[in-house]
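K.L.:
missing the sequence, but the structure's below:
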Ligand SMILES: *Cc1c(COP(=O)(O)O)cnc(C)c1O
(Lines give C-alpha, C1' and ligand atoms only; values in the text may rest on other atoms or scores of the structure.)
Protein backbone atom coordinates (compact mmCIF):
# COMPACT_ATOMS: atom_id res chain seq x y z
CA UNK A 1 0.00 0.00 0.00
CA UNK A 2 1.28 3.44 -0.88
CA UNK A 3 0.55 6.39 1.30
CA UNK A 4 -1.29 9.27 -0.36
CA UNK A 5 0.92 11.76 -2.19
CA UNK A 6 1.37 14.84 -0.01
CA UNK A 7 -0.04 17.85 -1.82
CA UNK A 8 2.55 20.39 -2.87
CA UNK A 9 2.25 23.94 -1.63
CA UNK A 10 1.45 25.74 1.60
CA UNK A 11 -1.09 24.67 4.22
CA UNK A 12 -4.59 25.72 3.25
CA UNK A 13 -5.96 28.43 5.50
CA UNK A 14 -9.14 30.48 5.60
CA UNK A 15 -8.96 33.17 2.88
CA UNK A 16 -10.16 35.76 5.41
CA UNK A 17 -6.73 35.69 7.06
CA UNK A 18 -5.22 37.58 4.14
CA UNK A 19 -7.59 40.46 4.94
CA UNK A 20 -6.92 40.43 8.69
CA UNK A 21 -4.35 43.00 9.75
CA UNK A 22 -1.81 41.65 12.22
CA UNK A 23 -2.34 43.40 15.56
CA UNK A 24 0.20 46.19 15.94
CA UNK A 25 1.31 46.24 19.55
CA UNK A 26 2.61 49.42 21.09
CA UNK A 27 6.35 49.38 20.46
CA UNK A 28 8.75 49.23 23.38
CA UNK A 29 10.45 52.55 24.05
CA UNK A 30 13.65 53.10 22.10
CA UNK A 31 16.59 54.33 24.14
CA UNK A 32 17.96 57.81 23.49
CA UNK A 33 21.19 58.58 25.26
CA UNK A 34 20.77 60.60 28.43
CA UNK A 35 16.96 60.61 28.24
CA UNK A 36 14.50 58.37 30.13
CA UNK A 37 12.39 56.47 27.60
CA UNK A 38 8.62 56.21 28.07
CA UNK A 39 6.07 53.99 26.35
CA UNK A 40 2.79 55.86 26.10
CA UNK A 41 1.45 53.88 23.16
CA UNK A 42 -0.76 51.19 24.75
CA UNK A 43 -2.92 53.08 27.27
CA UNK A 44 -1.30 51.17 30.10
CA UNK A 45 -1.47 52.29 33.70
CA UNK A 46 1.93 53.76 34.59
CA UNK A 47 1.63 52.82 38.28
CA UNK A 48 3.21 49.52 39.41
CA UNK A 49 0.95 46.93 41.09
CA UNK A 50 -0.18 47.64 44.66
CA UNK A 51 1.67 45.67 47.38
CA UNK A 52 -1.55 43.83 48.28
CA UNK A 53 -1.99 42.77 44.66
CA UNK A 54 1.63 41.62 44.40
CA UNK A 55 1.10 39.55 47.55
CA UNK A 56 -1.96 37.88 46.04
CA UNK A 57 0.00 37.09 42.87
CA UNK A 58 2.92 35.69 44.88
CA UNK A 59 0.55 33.48 46.86
CA UNK A 60 -1.13 32.24 43.68
CA UNK A 61 2.27 31.56 42.15
CA UNK A 62 2.89 28.79 44.70
CA UNK A 63 0.21 26.61 43.04
CA UNK A 64 0.86 27.13 39.34
CA UNK A 65 1.38 23.38 39.00
CA UNK A 66 -2.44 23.19 39.32
CA UNK A 67 -5.08 24.32 36.85
CA UNK A 68 -6.92 27.48 37.89
CA UNK A 69 -10.53 27.40 39.09
CA UNK A 70 -12.34 26.91 35.78
CA UNK A 71 -15.48 28.48 37.20
CA UNK A 72 -13.58 31.64 38.24
CA UNK A 73 -15.81 31.39 41.32
CA UNK A 74 -14.25 33.85 43.74
CA UNK A 75 -13.75 36.64 41.19
CA UNK A 76 -17.24 36.13 39.74
CA UNK A 77 -18.74 36.36 43.23
CA UNK A 78 -16.75 39.50 44.02
CA UNK A 79 -17.83 41.13 40.74
CA UNK A 80 -21.47 40.13 41.27
CA UNK A 81 -21.45 41.73 44.69
CA UNK A 82 -19.70 44.90 43.55
CA UNK A 83 -21.89 45.41 40.47
CA UNK A 84 -25.15 44.17 42.00
CA UNK A 85 -25.75 41.56 39.30
CA UNK A 86 -26.38 37.79 39.51
CA UNK A 87 -23.30 35.58 39.09
CA UNK A 88 -25.15 33.91 36.20
CA UNK A 89 -24.94 37.20 34.28
CA UNK A 90 -21.14 37.30 34.34
CA UNK A 91 -18.56 35.74 32.05
CA UNK A 92 -14.81 36.27 32.34
CA UNK A 93 -12.02 35.83 29.83
CA UNK A 94 -8.37 36.43 29.10
CA UNK A 95 -8.86 40.16 28.65
CA UNK A 96 -12.02 41.81 27.43
CA UNK A 97 -10.84 41.44 23.84
CA UNK A 98 -11.11 37.66 24.27
CA UNK A 99 -14.59 38.06 25.76
CA UNK A 100 -15.52 40.22 22.76
CA UNK A 101 -14.28 37.47 20.44
CA UNK A 102 -16.57 35.05 22.27
CA UNK A 103 -19.50 37.49 22.05
CA UNK A 104 -19.09 37.62 18.29
CA UNK A 105 -18.55 33.86 18.12
CA UNK A 106 -21.82 33.11 19.93
CA UNK A 107 -23.91 35.58 17.90
CA UNK A 108 -22.50 35.57 14.37
CA UNK A 109 -22.48 32.96 11.62
CA UNK A 110 -20.42 33.44 8.49
CA UNK A 111 -21.44 36.65 6.73
CA UNK A 112 -23.40 38.08 9.65
CA UNK A 113 -22.66 41.73 10.29
CA UNK A 114 -21.11 43.56 13.20
CA UNK A 115 -21.68 47.33 13.20
CA UNK A 116 -19.23 49.65 14.94
CA UNK A 117 -17.86 53.16 14.68
CA UNK A 118 -14.59 53.83 12.88
CA UNK A 119 -11.91 54.85 13.73
CA UNK A 120 -12.28 52.86 16.92
CA UNK A 121 -10.37 50.10 18.73
CA UNK A 122 -8.02 48.39 16.29
CA UNK A 123 -8.84 44.94 17.69
CA UNK A 124 -12.45 45.17 16.43
CA UNK A 125 -11.89 44.44 12.72
CA UNK A 126 -9.53 41.61 13.66
CA UNK A 127 -11.86 39.77 16.04
CA UNK A 128 -14.82 40.26 13.70
CA UNK A 129 -12.96 38.85 10.70
CA UNK A 130 -11.54 35.91 12.64
CA UNK A 131 -15.04 34.99 13.79
CA UNK A 132 -16.02 34.83 10.11
CA UNK A 133 -18.35 37.81 10.45
CA UNK A 134 -18.41 41.00 8.39
CA UNK A 135 -17.45 44.44 9.69
CA UNK A 136 -19.72 47.38 8.95
CA UNK A 137 -17.77 50.49 9.92
CA UNK A 138 -19.64 53.75 10.46
CA UNK A 139 -17.48 56.89 10.31
CA UNK A 140 -17.12 59.00 13.44
CA UNK A 141 -18.57 62.51 13.22
CA UNK A 142 -16.52 65.72 12.88
CA UNK A 143 -15.89 65.79 16.65
CA UNK A 144 -14.45 62.25 16.59
CA UNK A 145 -17.61 60.97 18.32
CA UNK A 146 -19.87 58.01 17.52
CA UNK A 147 -22.59 58.92 15.00
CA UNK A 148 -25.30 56.82 16.63
CA UNK A 149 -27.98 57.82 14.11
CA UNK A 150 -25.81 56.60 11.25
CA UNK A 151 -25.03 53.43 13.22
CA UNK A 152 -28.74 52.74 13.73
CA UNK A 153 -29.28 53.28 10.00
CA UNK A 154 -26.49 50.78 9.23
CA UNK A 155 -28.32 47.91 10.96
CA UNK A 156 -29.70 45.33 8.50
CA UNK A 157 -31.28 41.86 8.68
CA UNK A 158 -27.76 40.47 8.80
CA UNK A 159 -26.68 42.52 11.83
CA UNK A 160 -26.18 40.38 14.91
CA UNK A 161 -24.05 42.64 17.06
CA UNK A 162 -23.39 46.37 17.47
CA UNK A 163 -20.35 47.64 19.33
CA UNK A 164 -20.31 50.97 21.16
CA UNK A 165 -16.86 51.96 22.43
CA UNK A 166 -17.28 54.58 25.15
CA UNK A 167 -15.01 56.41 25.70
CA UNK A 168 -13.84 55.73 22.18
CA UNK A 169 -10.32 54.41 21.71
CA UNK A 170 -8.34 56.12 20.15
CA UNK A 171 -10.21 59.44 19.80
CA UNK A 172 -11.41 59.98 23.38
CA UNK A 173 -15.06 61.14 23.50
CA UNK A 174 -17.73 59.15 25.34
CA UNK A 175 -21.29 58.80 24.08
CA UNK A 176 -24.03 60.58 26.06
CA UNK A 177 -26.58 58.62 28.05
CA UNK A 178 -29.57 60.26 26.30
CA UNK A 179 -28.29 59.54 22.80
CA UNK A 180 -27.35 55.97 23.71
CA UNK A 181 -30.79 55.34 25.22
CA UNK A 182 -32.47 56.74 22.07
CA UNK A 183 -30.18 54.53 19.98
CA UNK A 184 -31.01 51.39 21.99
CA UNK A 185 -34.71 52.06 21.50
CA UNK A 186 -34.11 51.80 17.73
CA UNK A 187 -32.03 48.58 17.74
CA UNK A 188 -34.03 45.38 17.10
CA UNK A 189 -34.32 43.39 20.34
CA UNK A 190 -32.61 40.33 18.81
CA UNK A 191 -29.43 42.29 18.01
CA UNK A 192 -26.87 42.31 20.81
CA UNK A 193 -25.45 45.74 21.71
CA UNK A 194 -22.04 45.50 23.35
CA UNK A 195 -20.98 48.57 25.31
CA UNK A 196 -17.19 48.48 25.64
CA UNK A 197 -16.33 50.42 28.77
CA UNK A 198 -12.60 49.72 28.95
CA UNK A 199 -11.98 53.31 30.12
CA UNK A 200 -15.11 53.87 32.23
CA UNK A 201 -13.20 54.67 35.43
CA UNK A 202 -11.47 57.64 33.77
CA UNK A 203 -14.65 59.39 32.65
CA UNK A 204 -15.64 62.66 34.28
CA UNK A 205 -18.52 64.02 32.19
CA UNK A 206 -21.95 63.92 33.79
CA UNK A 207 -23.52 62.74 30.55
CA UNK A 208 -21.55 59.47 30.52
CA UNK A 209 -24.00 56.54 30.38
CA UNK A 210 -24.64 54.11 33.21
CA UNK A 211 -24.27 51.02 31.05
CA UNK A 212 -25.28 48.69 33.88
CA UNK A 213 -28.58 50.56 34.17
CA UNK A 214 -29.04 50.17 30.41
CA UNK A 215 -28.30 46.42 30.65
CA UNK A 216 -31.05 46.17 33.28
CA UNK A 217 -33.45 48.07 31.06
CA UNK A 218 -32.60 46.52 27.66
CA UNK A 219 -32.22 42.69 27.63
CA UNK A 220 -30.07 42.89 24.48
CA UNK A 221 -27.31 44.99 26.12
CA UNK A 222 -24.00 43.46 27.20
CA UNK A 223 -21.38 45.46 29.09
CA UNK A 224 -17.69 44.74 28.50
CA UNK A 225 -15.10 45.71 31.11
CA UNK A 226 -11.44 45.02 31.79
CA UNK A 227 -8.87 44.95 34.56
CA UNK A 228 -6.21 46.12 32.10
CA UNK A 229 -6.52 49.90 32.34
CA UNK A 230 -7.74 51.55 35.57
CA UNK A 231 -6.95 48.41 37.58
CA UNK A 232 -3.45 48.20 36.14
CA UNK A 233 -3.45 44.46 35.36
CA UNK A 234 -2.84 44.56 31.59
CA UNK A 235 -0.14 41.90 31.84
CA UNK A 236 -2.35 39.37 33.61
CA UNK A 237 -5.18 39.27 31.02
CA UNK A 238 -8.57 39.42 32.66
CA UNK A 239 -11.78 41.05 31.52
CA UNK A 240 -15.48 40.27 31.74
CA UNK A 241 -18.93 40.78 30.30
CA UNK A 242 -22.19 41.46 32.10
CA UNK A 243 -25.14 40.17 30.08
CA UNK A 244 -28.42 38.32 30.39
CA UNK A 245 -28.16 34.70 31.45
CA UNK A 246 -28.58 33.15 27.96
CA UNK A 247 -25.72 35.27 26.62
CA UNK A 248 -23.47 34.83 29.67
CA UNK A 249 -24.04 31.06 29.62
CA UNK A 250 -23.11 30.93 25.93
CA UNK A 251 -19.97 32.96 26.67
CA UNK A 252 -18.89 30.52 29.35
CA UNK A 253 -19.34 27.67 26.86
CA UNK A 254 -17.21 29.52 24.31
CA UNK A 255 -14.43 30.45 26.75
CA UNK A 256 -10.99 28.89 26.49
CA UNK A 257 -10.93 26.20 29.20
CA UNK A 258 -8.91 27.37 32.23
CA UNK A 259 -8.08 30.56 30.30
CA UNK A 260 -7.99 33.01 33.20
CA UNK A 261 -4.98 32.01 35.31
CA UNK A 262 -5.14 31.78 39.08
CA UNK A 263 -2.63 34.66 39.21
CA UNK A 264 -5.05 36.79 37.23
CA UNK A 265 -8.07 35.70 39.26
CA UNK A 266 -6.40 36.40 42.59
CA UNK A 267 -4.94 39.72 41.41
CA UNK A 268 -8.37 40.82 40.17
CA UNK A 269 -10.02 39.88 43.48
CA UNK A 270 -7.33 41.76 45.41
CA UNK A 271 -7.70 44.77 43.08
CA UNK A 272 -11.45 44.93 43.64
CA UNK A 273 -10.79 44.87 47.38
CA UNK A 274 -8.21 47.66 47.03
CA UNK A 275 -10.17 49.83 44.61
CA UNK A 276 -10.11 52.80 46.99
CA UNK A 277 -6.33 52.85 46.67
CA UNK A 278 -6.47 52.36 42.91
CA UNK A 279 -9.02 55.13 42.58
CA UNK A 280 -6.54 57.64 44.03
CA UNK A 281 -4.24 56.76 41.13
CA UNK A 282 -7.06 56.96 38.60
CA UNK A 283 -7.86 60.45 39.87
CA UNK A 284 -4.21 61.45 39.51
CA UNK A 285 -4.22 60.21 35.92
CA UNK A 286 -7.45 62.10 35.22
CA UNK A 287 -5.90 65.29 36.65
CA UNK A 288 -2.86 64.73 34.44
CA UNK A 289 -5.12 64.18 31.42
CA UNK A 290 -6.88 67.47 32.11
CA UNK A 291 -3.54 69.23 32.47
CA UNK A 292 -2.23 67.78 29.19
CA UNK A 293 -5.42 68.54 27.24
CA UNK A 294 -5.53 72.13 28.54
CA UNK A 295 -1.86 72.72 27.67
CA UNK A 296 -2.26 71.28 24.17
CA UNK A 297 -5.41 73.30 23.47
CA UNK A 298 -3.59 76.41 24.69
CA UNK A 299 -0.92 75.70 22.10
CA UNK A 300 -3.64 75.58 19.43
CA UNK A 301 -4.24 71.84 19.05
CA UNK A 302 -7.81 70.73 18.27
CA UNK A 303 -7.84 67.90 20.81
CA UNK A 304 -11.23 66.13 20.96
CA UNK A 305 -12.92 65.61 24.31
CA UNK A 306 -10.67 63.16 26.20
CA UNK A 307 -12.54 60.85 28.58
CA UNK A 308 -10.07 57.97 28.70
CA UNK A 309 -6.43 57.81 29.86
CA UNK A 310 -5.19 59.09 26.48
CA UNK A 311 -5.34 62.05 24.12
CA UNK A 312 -5.88 62.14 20.35
CA UNK A 313 -3.95 64.39 17.98
CA UNK A 314 -5.93 64.68 14.72
CA UNK A 315 -2.82 65.00 12.55
CA UNK A 316 -3.94 63.44 9.27
CA UNK A 317 -0.91 62.89 7.05
CA UNK A 318 1.40 64.22 9.75
CA UNK A 319 0.61 61.33 12.10
CA UNK A 320 3.70 59.26 11.33
CA UNK A 321 6.17 62.20 11.21
CA UNK A 322 4.83 63.45 14.57
CA UNK A 323 5.25 59.98 16.08
CA UNK A 324 8.82 59.95 14.75
CA UNK A 325 9.48 63.31 16.36
CA UNK A 326 8.27 61.82 19.66
CA UNK A 327 10.42 58.72 19.15
CA UNK A 328 13.49 60.89 18.60
CA UNK A 329 12.91 62.17 22.14
CA UNK A 330 12.42 58.61 23.53
CA UNK A 331 8.63 58.91 23.72
CA UNK A 332 6.74 56.06 22.06
CA UNK A 333 3.24 57.09 20.97
CA UNK A 334 0.78 55.28 18.71
CA UNK A 335 0.38 56.66 15.18
CA UNK A 336 -2.53 55.76 12.90
CA UNK A 337 -1.14 56.62 9.48
CA UNK A 338 -3.13 59.30 7.69
CA UNK A 339 -5.40 59.87 10.70
CA UNK A 340 -3.77 60.84 13.95
CA UNK A 341 -1.70 59.94 16.97
CA UNK A 342 -2.86 58.53 20.29
CA UNK A 343 -0.76 59.28 23.35
CA UNK A 344 -1.49 57.70 26.72
CA UNK A 345 -1.40 59.72 29.91
CA UNK A 346 1.73 58.41 31.58
CA UNK A 347 4.33 59.48 34.08
CA UNK A 348 4.44 63.25 34.72
CA UNK A 349 7.79 63.54 32.96
CA UNK A 350 6.42 61.73 29.90
CA UNK A 351 3.39 64.05 29.83
CA UNK A 352 5.61 67.13 30.16
CA UNK A 353 7.79 65.94 27.32
CA UNK A 354 4.74 65.26 25.13
CA UNK A 355 3.48 68.83 25.72
CA UNK A 356 6.92 70.18 24.87
CA UNK A 357 7.25 68.21 21.64
CA UNK A 358 3.69 69.11 20.60
CA UNK A 359 4.38 72.81 21.14
CA UNK A 360 7.61 72.70 19.15
CA UNK A 361 5.82 70.79 16.38
CA UNK A 362 3.27 73.55 15.91
CA UNK A 363 5.94 76.24 15.92
CA UNK A 364 7.97 74.33 13.31
CA UNK A 365 4.86 73.94 11.10
CA UNK A 366 4.03 77.62 11.30
CA UNK A 367 7.61 78.63 10.62
C1 LIG B 1 -7.58 48.30 26.13
C2 LIG B 1 -8.95 48.05 25.60
C3 LIG B 1 -9.65 46.90 25.95
C4 LIG B 1 -9.08 45.93 26.94
O5 LIG B 1 -8.43 44.90 26.40
P6 LIG B 1 -8.00 43.69 27.34
O7 LIG B 1 -8.08 42.54 26.41
O8 LIG B 1 -8.99 43.57 28.45
O9 LIG B 1 -6.63 44.01 27.83
C10 LIG B 1 -10.92 46.71 25.44
N11 LIG B 1 -11.49 47.63 24.67
C12 LIG B 1 -10.87 48.75 24.33
C13 LIG B 1 -11.56 49.75 23.51
C14 LIG B 1 -9.57 48.99 24.77
O15 LIG B 1 -8.94 50.10 24.42
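P.N.:
Structure's in. What do you need? Computed from a prediction, not measured in an experiment: that's the story for all the values here. Numbers count the residues shown, from 1 in each chain.
K.L.:
Please count neighbours and contacts with C-alpha atoms only from this point.
P.N.:
Noted.
K.L.:
Residue numbers of the stretch 1-150 of the chain in contact with the ligand?
P.N.:
95, 96, 97, 121 (Cα under 6 Å from any ligand atom).
K.L.:
what's the burial count for the third one?
P.N.:
Residues near residue 97, counting by other Cα atoms under 10 Å, number 22.
K.L.:
Residue 90 is in contact with residue 76, isn't it?
P.N.:
Yes: between residue 90 and residue 76 there is a contact under Cα atoms under 8 Å: 6.8 Å.
K.L.:
Give me the subset of the residues of the stretch 1-150 of the chain next to the ligand lying in helices.
P.N.:
96, 97 (DSSP state H).
K.L.:
more crowded one of residue 90 and residue 76?
P.N.:
When residue 90 and residue 76 are compared for neighbours, residue 90 comes out ahead with 24 against 21, by other Cα under 10 Å.
K.L.:
Leaving out chain neighbours, which residue sits closest to that one?
P.N.:
In this structure, residue 90 finds its nearest non-sequential neighbour in residue 242, 4.8 Å apart by Cα to Cα, 6 or more residues apart in numbering.
K.L.:
Phi, psi for the one you found please.
P.N.:
Main-chain torsions, residue 242, degrees, to the nearest 10: phi -110, psi 120.
K.L.:
what does residue 99 give?
P.N.:
Torsion angles, degrees, to the nearest 10, at residue 99: phi -60, psi -40.
K.L.:
Enumerate every residue touching the closest residue to it other than its chain neighbours.
P.N.:
Nearest residue to residue 99, sequence neighbours excluded (Cα to Cα, 6+ apart): residue 93, at 5.3 Å. Contact partners of residue 93, counting by Cα atoms under 8 Å, 6 or more residues apart in numbering, are 99, 237, 238, 239, 240, 255, 256, 259, 260.
K.L.:
With residue 177 instead?
P.N.:
With contact set as Cα under 8 Å, 6+ apart, residue 177 has these partners: 207, 208, 209, 210.
K.L.:
and it, backbone torsions?
P.N.:
Per degrees, to the nearest 10, the backbone of residue 177 is at phi -60, psi -40.
K.L.:
which residues of the stretch 51-200 of the chain fall in helices?
P.N.:
51-61, 73-83, 96-107, 123-130, 148-153, 177-186 (DSSP state H, counting those that start in this stretch).
K.L.:
Tell me which of these sits most buried.
P.N.:
Comparing these by mean neighbour count (mean count of other Cα atoms under 10 Å), helix 96-107 comes out on top with a mean of 23.
K.L.:
right, and residue 223 touches residue 212 too?
P.N.:
Yes: between residue 223 and residue 212 there is a contact at 7.0 Å, judged by Cα under 8 Å.
K.L.:
Give me every residue in the stretch 151-300 of the chain lying close to the ligand.
P.N.:
Within the stretch 151-300 of the chain, the residues that sit near the ligand (Cα under 6 Å from any ligand atom) are 165, 169, 196, 198, 226, 228, 234, 237, 238, 239.
K.L.:
which residues touch the third one?
P.N.:
Okay, so that is residue 196. The contact partners of residue 196, taken as Cα under 8 Å, 6+ apart, are 163, 164, 165, 166, 223, 224, 225.
K.L.:
Tell me how many other residues crowd the third one.
P.N.:
Here the number of neighbours of residue 165 (other Cα under 10 Å) works out to 26.
K.L.:
Name whatever forms a beta bridge with it.
P.N.:
Partner residues in beta bridges with residue 165, using DSSP bridges, are residue 196.
K.L.:
coming back round to it: which one of the helices of the stretch 51-200 of the chain lies nearest to residue 306?
P.N.:
Comparing those against residue 306 with Cα to Cα, the closest turns out to be helix 177-186 (16.6 Å).
K.L.:
show me where pLDDT drops low in the chain?
P.N.:
Applying pLDDT under 70 to the chain flags residues 1-4, 7, 23-27, 367.
K.L.:
and the gap between the residue most central in space within the chain and residue 165?
P.N.:
Central residue of the chain (Cα atoms, centre = their mean): residue 198, 4.8 Å from the mean position. Counting by Cα to Cα, to the nearest Å, the gap from residue 198 to residue 165 is 8 Å.
K.L.:
related to what we said a few turns ago, need the residues of the stretch 1-150 of the chain next to the ligand in a markdown table (columns: distance to residue 41).
P.N.:
Shown next, in a markdown table, are those (distance: Cα to Cα, whole Å):
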| residue | distance to residue 41 |
| --- | --- |
| 95 | 18 |
| 96 | 19 |
| 97 | 17 |
| 121 | 13 |
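K.L.:
before we move on, back to that, hang on, the residue nearest to residue 90 packs against residue 224?
P.N.:
Yes: with contact defined as Cα under 8 Å, residue 242 reaches residue 224; the gap is 6.6 Å.
K.L.:
Nearest residue to residue 275 in space, please, no chain neighbours.
P.N.:
Of all residues not flanking residue 275 in the chain, residue 231 sits nearest, at 7.9 Å (Cα to Cα, 6+ apart).
K.L.:
One more: residue 177?
P.N.:
residue 209 (4.0 Å).
K.L.:
cool, and residue 203?
P.N.:
The shortest distance from residue 203 to any non-neighbouring residue, by Cα to Cα, 6+ apart, is to residue 307 (4.8 Å).
K.L.:
Measure how buried that neighbour is and give me the count.
P.N.:
Neighbours of residue 307 using other Cα under 10 Å come to 26.
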